[in-house]
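Engineer: I need the structure of the sequence given here:
(chains A, B and C)
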Amino acid sequence: MSNPVTLDTAPSRQEVSEVLPPKQSRVWRKLRKNPAALLGGGIVAFFCIVAILAPVLPIPGPAATDFGAVRKAPSAVHWFGTDELGRDMLSRMIWGAQASLMAGVVSVTIALVIGVPLGVAAGYARGWTDAAISRVTEALLAAPFLILAIAMAAFLGPSLTNAMIAIGISAVPIFIRLARAQTMQVLTEDYVEGATAIGLTHRDIIARYILPNIVPPLLVQATLTIATAIIAEASLSFLGLGQQPPAPSWGSMLNTAKQFLEQAPWLALYPGIAIFLVVLGFNLLGDGLRDALDPRDN
Amino acid sequence: MLRFIGHRLLIAIPTILLISVFVFLLQKLLPGDPVLALAGEDRNPEMLEFLRAKYHLNDPIYVQYFNWVWNALQGDLGISLRTNQNVTTLIAQKLPVTIQLALMALFFAVVIGIPAGILSAYTKGTWIDWVANVVALSGLSIPNFWLGIMMILLVSVNLGWLPASGYQPFSDDPLRSIQTMLMPAFVLGTGLAATLMRHTRSAMLGVLQSDYVRTARAKGLGERAVVVKHALRNALVPVVTVVTLLFGELLAGAVLTEQIFTIPGFGKLVVDAVFNRDYAVVQGIVLCTAIAFILMNILSDALYRVLNPKMIES
Amino acid sequence: MKKPAVLTLSAMLMLTAAPLFAADLKIGLAEDPDILDPDQSRTFVGRIVYASLCDKLVDITPDLEIIPMLATEWSWSDDNLTLTMKLRDDVTFQDGTKFDAEAVAYNINRSQTLEESRRKSEVASITGTNVVDPTTIEITVAQPDATLIAQLADRAGMMVSPTAAEAAGADFGNAPVCAGPYSFTERVQQDRIVLTKFADYYDADKYSFDTVTFLPIVDTTVRLANLRAGDVDMIERLAATDVASVKADDGLTMEQATSLGYQGLTVNVGNGDKSQNPFGQDKLVRQALSLSIDREAINQVVFEGAFAAGNQPWPPTSPWYNQDIPIPARDVEAAKAKLAEAGVENPTVEIQVSTDPVNQQVTQVIQAMASEAGITVNVVAKEFATQLSQQTAGDYEISQIGWSGRVDPDGNIHQFVTTDGGLNDAKYSNPEVDRLLNEARATNDTAARKALYDQATAILDDELPLIYVYHQNWIWAMDKGVTGFTAYPDGMIRLAGVSKAE
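Structural biologist: Numbering: from 1, shown residues only, chains lettered A, B, ... in the order given. Purely as a prediction, here's the structure:
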């Protein structure tokens, strides 16, 4: 975001007449005034820190079993209780945070890396390239997301990495579509037409005008898609296609926990709440970002 | 209008063909031999070979594909390898279930999402807006399968209010049918309500800031009249199109929700079919839902054109 | 169960929840059955439906004695090559076709020759049938076959209506017609299978329900929730970990029986390149793995002690159990000594397991136990369909898998460890074991068979191509009002004498 001028894609009439503050600080100020976004950011930051600190926190290993203490309720020794093999739930929750966040971030990165270039190419080149990419995108969008992910995860074999790949690929069409639409929008702007007129190369135009301009909406979408991806990972794990034992992830913990809802409800409660919170965090943050970046909204 | 729809239908054809190719290729890539799964305990090589021949699994893949397309065009989607039932019959059995679930889920989504969106837009920036937002996004953030299990435990087992799972055809016993679907529809609806709420809110905001609402206010109309008569009517236009889109998505089946509540719809059928390598079923269902999805998309765009805000402005 | 505060609303909602049929029994199944044709069917759960739909030539008692069903008596000729069966003469199929010796001959022929038949190997020994008179049939075999009667107590012995089978061919399963107490009414895949009482059944008085509805409810928790909520009357395969809470529930009762099958580890000892590892090549390493496992602890940790530890193809309660080889106690030192003797330090092995959480728990416990003996186990989860095909193809080192079990001991062992056995995915081959098991097949003398099996299990316990770990219990839970149910070790639900109080 080096060029504050080009970031203002569609300034509303009122704004033009005023002295424009630098865009970033305006976004930041709007974000700061939005308690929901702050709450979301706080939740996300908290889980990220916990996940990063997992290896150094003074907790037992997530796979350390104790067959003498199976499914023990929360206590002073085990704050979150123990699971079906006597493993410390707190430790598994913390390590599980790593798996869930990784699943969200990595799969969205995959989707971005594949989707954005294709979308920009389609929007920029138009013609046959656009038609071909658009048809494929539509076809992928019409195939149900989770079923696509399930089939792909089954094809690649059950593991966290493969689940992330499957979710990432399933999310590609969203980003193609968004990048394409944004690119087309930017191309209609006067300054781009001017740039073409003064003989800038395609590469220059894409690098200097298009990419910086499509970042904000992509950022919003990425944040929201991370939320979806975390749920998708949990769903795949719930079906046995995600993180594999003995490594923990919230979804696979829920998969096991559903057998023990009566005997050990905490096994289902903690991962369920954690997924809920972290997804809510990303949704609130993404939502707040959207409002803050929305130029129509003052 | 007709030209618009005709054009959209025309470009939907290559899309549908592409989907059928995807699905066909993807399942051929799946590890695990359907015939082996099918032969069960009697795995003698002759039996396996017979089954491969019977289901034409030895043919080159493009031959299999063209045969399938040829038959599909004549309304024959093949038979389920697992149960020997006709896929077309299966789809006919599941379609009413899926439609009923989708409609009931939409009902919840609309009842929760639209009022919340209006309220939130009208109280924009206040704590009510904030709370409405967080509540709506909470619905979107709870994993469906988790909410489903928790609701079964609470509502069915502890309180005994509703059947835990299962399905009663609407034609057999409408009331019981609705009862069995209340929970799954609610679980699905809470997720969709957030989407609907967001769209309603932003549409309302747009309308509330528009000139004619200002005019209406200036004319001294009461707040209620302004909101209901002018703002809402116009704001509902994009909302209606979103609802149509959501319906299309719901037809694809609520995979996990159907699994948890044992609702025999598309979602449950297709997931089990993937796990059982029941190829004909996977192909048939995905094709069917993709077509439904595309049709709903076209309908949604068409509705948007018909209901163009300017036409109701008066 | 209900609280007064919610009474009005709940009463409103419950009002229409009253059962449509006073005498309908709803049974929650753990899976959706496959094709409903006894000759084509291949799932355990399908057999539960057949127990009410299709009568067999003979049946079993809970103690595995063979007793009359459609055949009233039977005897082998002196050379053990001809089986003569006397048949009931008061039986009609559900479509009105008369059941007689011709029908039996037709059924055996169908099991052998229908191209889609999965019963071929079970009736492979039969060389011909001879209809002596309408109630007498002779079945001839090429060589003595001790397993045949037990096969006729299962799907191979289920009689389908020749009229209906002839008309429907391979599509018979879409509308099966048999000679059981309930006839097929309707099936919606993954939703329900409805059977209706067959009025002309020869023993109709013993069956008190007008309809029986089977509802596949895969999730164990949800299945139990349905029972608790009164939406089904009984469920099969209650989770072992739910036993305590069902016992504590005044409204429910429970029955159980140790299954005929086993659960354990199949080691790839000769199935392709993947067998080229210490576990596949050296029995000492396999013995070390087996010694590192505390079978009773697995039963306690994963199943709360509700199942049975095991070390043979049949459970310790079976008359075929080899008493000379008791379940080995866990001995980590001995395991380490075996590894040292084999010259293998800290071996690593991959165990593949299905994505089912219970199986994964078992494997994880084994993983933890083996690590204490210096064995590193990598758990690799596979979808069941993938696991099955990789296992057959030899693309595995150790596979955690089980067998639902058969009435005759032969069904639990022969095809798994004989050189040409159809399910011998370990590709274990030992001429002595082949000889013993083939001989055991061919003698009708129970004591002689037992001796042969004892010799075979002794060899297998030493060489360990399969490491048996535990035996499941079939556990049924039902509403208190459901009475007269008897638990059978084959896991079936027989409805004779079962009734429900309103």
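Engineer: going forward, measure contacts and count neighbours with C-alpha atoms only.
Structural biologist: OK.
Engineer: With adjacent residues omitted, what lies nearest to the closest residue to chain A within the stretch 101-250 of chain C?
Structural biologist: Relative to chain A, the nearest point of the stretch 101-250 of chain C is residue C:221 (5.9 Å; Cα to the nearest Cα). Of all residues not flanking residue C:221 in the chain, residue A:259 sits nearest, at 5.9 Å (Cα to Cα, 6 or more residues apart in numbering or on different chains).
Engineer: what pLDDT does the one you found get?
Structural biologist: Residue A:259 is assigned 84 on the pLDDT scale.
Engineer: Give me the distance between it and residue B:18.
Structural biologist: 41 Å (Cα to Cα, to the nearest Å).
Engineer: what does residue C:497 give?
Structural biologist: Taken as Cα to Cα, the span from residue C:497 to residue B:18 is 57 Å.
Engineer: out of those two, which sits in the more crowded spot?
Structural biologist: residue B:18 (18 against 13; other Cα atoms under 10 Å in any protein chain shown).
Engineer: ok, that one touching residue A:137?
Structural biologist: No - taking contacts as Cα atoms under 8 Å, residue B:18 lies outside contact range of residue A:137: 9.9 Å.
Engineer: Residue C:226: what's it in contact with?
Structural biologist: B:157, B:163, B:164, B:165, C:232 (Cα atoms under 8 Å, 6 or more residues apart in numbering or on different chains).
Engineer: One more pass at 10 Å, please.
Structural biologist: By Cα atoms under 10 Å, 6 or more residues apart in numbering or on different chains, residue C:226 lies in contact with B:152-153, B:156-157, B:163-166, C:28, C:217, C:220, C:232-235.
Engineer: in chain C, what spans have low per-residue confidence?
Structural biologist: Where chain C drops to pLDDT under 70, the residues are C:1-22.
Engineer: Grab the nearest non-local neighbour of the most centrally placed residue in it.
Structural biologist: The centroid of chain C falls nearest to residue C:404 when counting by Cα atoms, centre = their mean (3.1 Å). Nearest non-adjacent residue to residue C:404, counting by Cα to Cα, 6+ apart: residue C:261, 4.4 Å away.
Engineer: separation between residue C:55 and chain B?
Structural biologist: 21 Å (Cα to the nearest Cα, to the nearest Å).
Engineer: Secondary structure element holding the nearest residue to that residue once chain neighbours are set aside?
Structural biologist: Using Cα to Cα, 6+ apart and skipping residues adjacent in sequence, the residue nearest residue C:55 is residue C:180, 4.5 Å away. Under DSSP states H and E, no helix or strand contains residue C:180.
Engineer: give me every residue that touches residue C:180.
Structural biologist: The neighbours of residue C:180, taking Cα under 10 Å, 6+ apart as the test, are C:50-56, C:70, C:91-94, C:158-160, C:197-198, C:200-204.
Engineer: could you dump stretch C:27-42 to PDB, C-alpha only?
Structural biologist: The C-alpha coordinates for stretch C:27-42 follow below in PDB (Å, rounded to 0.1, in the frame of the first residue of the first chain):
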ATOM      1  CA  ILE C  27     -35.000 -50.400  15.400                       C
ATOM      2  CA  GLY C  28     -32.000 -48.100  15.100                       C
ATOM      3  CA  LEU C  29     -29.300 -49.600  13.000                       C
ATOM      4  CA  ALA C  30     -25.600 -48.500  13.000                       C
ATOM      5  CA  GLU C  31     -25.400 -48.500   9.200                       C
ATOM      6  CA  ASP C  32     -27.500 -48.400   6.100                       C
ATOM      7  CA  PRO C  33     -27.700 -51.900   4.700                       C
ATOM      8  CA  ASP C  34     -26.600 -52.700   1.200                       C
ATOM      9  CA  ILE C  35     -28.500 -54.700  -1.500                       C
ATOM     10  CA  LEU C  36     -31.300 -56.600   0.200                       C
ATOM     11  CA  ASP C  37     -30.700 -59.800  -1.700                       C
ATOM     12  CA  PRO C  38     -29.300 -62.600   0.500                       C
ATOM     13  CA  ASP C  39     -27.200 -63.800  -2.500                       C
ATOM     14  CA  GLN C  40     -25.700 -60.400  -3.200                       C
ATOM     15  CA  SER C  41     -25.500 -58.900   0.300                       C
ATOM     16  CA  ARG C  42     -22.200 -58.300   1.900                       C
END
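Engineer: can you tell me if it touches chain B.
Structural biologist: Yes - Stretch C:27-42 lies within reach of chain B by Cα under 10 Å from any Cα of the partner chain, at C:32, C:33, C:34, C:35, C:36, C:37, C:40, C:41, C:42.
Engineer: The residue nearest to the centre of chain C against residue C:260, yeah?
Structural biologist: Yes - assessed by Cα atoms under 10 Å, residue C:404 is found in contact with residue C:260 at 6.7 Å.
Engineer: Quickly note the distance from the residue nearest to residue C:221 to residue A:107.
Structural biologist: Noted for residue A:259: a distance of 29 Å to residue A:107, by Cα to Cα.
Engineer: what about these two, which has more around it?
Structural biologist: A direct count of neighbours by other Cα under 10 Å for residue A:259 and residue A:107 places residue A:107 higher, at 29 against 24.
Engineer: wait, what's in contact with the residue nearest the centre of chain B?
Structural biologist: Taking Cα atoms, centre = their mean, the centroid of chain B lies closest to residue B:250, which sits 0.9 Å from it. Listed by Cα under 10 Å, 6+ apart, the contact set of residue B:250 reads A:144, B:98-99, B:101-103, B:105-106, B:188, B:192, B:244, B:266-267, B:289, B:292-293.
Engineer: Filter these down to the ones in helices?
Structural biologist: Within the contacts of residue B:250, residues falling in helices by DSSP state H are B:98-99, B:101-103, B:105-106, B:188, B:192, B:244, B:266-267, B:289, B:292-293.
Engineer: Would you tell me which one of these comes nearest to residue A:127?
Structural biologist: Nearest to residue A:127 among the ones in helices among the contacts of residue B:250: residue B:293, at 25.5 Å, using Cα to Cα.
Engineer: Which residue, other than its chain neighbours, is closest to whichever residue of the stretch 251-400 of chain C sits closest to chain B?
Structural biologist: Using Cα to the nearest Cα, the single residue of the stretch 251-400 of chain C nearest to chain B is residue C:386, 4.2 Å away. Computed as Cα to Cα, 6+ apart, the closest residue to residue C:386 that is not its neighbour in sequence is residue B:32, at 4.2 Å.
Engineer: so that neighbour touches residue C:390, yeah?
Structural biologist: Yes - in this structure, residue B:32 is within contact of residue C:390 by Cα under 10 Å, at 7.4 Å.
Engineer: Between the two, which has more neighbouring residues?
Structural biologist: Set side by side, residue B:32 and residue C:390 show more neighbours around residue B:32, with 22 against 19, by other Cα under 10 Å.
Engineer: Fine, thanks again, bye for now.
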